[in-house]
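Enquirer: Predicted model, plus sequence, below.
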Amino acid sequence: MRKICAIFILCISFICGATRPGAVFLLIWPGARPTALSGAFAAVADDATACYYNQGGLAFINSTIISLQHANWLPGLQSDMYYEYAGITRSFKVGTFGLHVIYLTTGDTDVVDEQANYLGTYTTFDLAVGLNYGFELNQKLGLGIGWKLIYSYLVPDWVFQKMPVLGIEKGGTGLTYAFDIGMLYKPFSFLSVGTAIQNIGPNISYTESGSSDPLPYTLRIGIKVEPINTNIFRIAITSDVTKILVGMFAQDDQTFFENLRYELDEAWKAVGLEIDYYNFVKLRAGYFRDVEGAREGWTYGGGIQAAGFSIDVGVDQSIYDFPTTNRKFSFSYQFK
């Protein structure tokens, strides 16, 4: 019961203030580098995590990149929760294609009936597999699109069969799909602007009753500025505003402008700083603010890049209001 309550509270922290969506794992930042930047990556999107943050960035990736990420996710809630990401990009004459996989498991769940009899154990997980494509409309503007299959395994059928008191014969799993569209605009060498609309698709249903939850429709808007960019030293400042579009303007007792003020305040806001020395040592930090979800604080990390290999770490544990560690480790290789 402690584990179920902890996961429920965590989900609410993502979606507080909006109608309850399903598949909230789609809101977790993948990649150590973006995590260190507080998720402010929509205007960067220059590696294989562009498949998640902004497919428009794929248009400017002219090589094959493989990225892998591993995290023992929020062990302060449950020690056996893990969050994984894998992505690959491949450039062709007609544009750049990308494939990515997101996997989250909240670990093993013991099933105990009302008489405290142990009935078995199962492992919950969420999975998204995405196909993505980006192309240059011109030298400054990249457009992209993504399609993903989403599968959520919350409760197996045998649990309902062994516990008829629940009043459900089957269910506990959900399957749906969604589309993303993204744009990355580079008007100057030192400035990039990115935006993406994500997770647009049919509702996800977990029970046989037909009741369903909307996906976490999301709007990302980001900007990146590079005030210094030399062969020795590069500094990039990034900022993102992320808005969950589900349940907007839902306060019937408020005026339009009062609702608008609330929605703007409730949007996630992030700023990040990346320092690159000799294209070898990377230092990163960020600050994240989510008022309704009660998540606010610093993120940080860094990495080393050499001969096409990159190893990075991103830490965002301080944005949560409970004691935990939360470190993401990424490995990537860029083929020449």
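Expert: Received it, and whenever you're ready, just let me know what you need.

Enquirer: Run through the helices of the stretch 1-150 of the chain in chain order.
Expert: Secondary structure of the stretch 1-150 of the chain (DSSP state H, counting those that start in this stretch): helices located at 2-15, 32-36, 50-53.

Enquirer: counting contacts, what elements does the shortest one pack onto?
Expert: With contacts defined as 3 or more C-beta pairs under 8 Å, 6 or more residues apart in numbering; DSSP states H and E, the packing partners of helix 50-53 are strand 82-92, strand 95-112, strand 118-136. The C-beta positions use only the backbone N, C-alpha and C, and glycine is treated the same way.

Enquirer: these two touch, right, residue 35 and residue 317?
Expert: No - with contact defined as C-beta atoms under 8 Å, residue 35 does not count as touching residue 317 (10.3 Å).

Enquirer: ok, these two, which is more surrounded?
Expert: residue 35 (31 against 17; other C-beta atoms under 10 Å).

Enquirer: Could you pull up the residues touching that one?
Expert: Counting by C-beta atoms under 8 Å, 6 or more residues apart in numbering, residue 35 touches 29, 299, 301, 314-316, 328.

Enquirer: Including secondary structure, distance to residue 271 and neighbour count, could the residues you listed go into CSV?
Expert: As requested, the contacts of residue 35 are exported to CSV (DSSP: H, G, I helix; E, B strand; the rest coil; distance: C-beta to C-beta, whole Å; neighbours: other C-beta atoms under 10 Å):
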residue, secondary structure, distance to residue 271, neighbour count
29, coil, 14, 28
299, strand, 10, 26
301, strand, 15, 25
314, strand, 15, 29
315, strand, 16, 20
316, coil, 14, 27
328, strand, 19, 27
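
Enquirer: With respect to residue 172, which of those residues is nearest?
Expert: Taking C-beta to C-beta as the measure, residue 172 lies nearest residue 29 of the contacts of residue 35, at 26.9 Å.

Enquirer: my read: that closest one touches residue 316, true?
Expert: Yes - Residue 29 is within contact range of residue 316, at 7.4 Å (criterion: C-beta under 8 Å).

Enquirer: Find the residues that touch each one of those two.
Expert: What both residue 29 and residue 316 touch, as defined by C-beta under 8 Å, 6+ apart, is the set 35, 328.

Enquirer: Can you give me the pLDDT of residue 307?
Expert: Looking at residue 307, its pLDDT is 94.

Enquirer: Phi, psi for it please.
Expert: For residue 307, the backbone dihedrals (degrees, to the nearest 10) come out as phi 50, psi 40.

Enquirer: Thanks a lot, see you next time.
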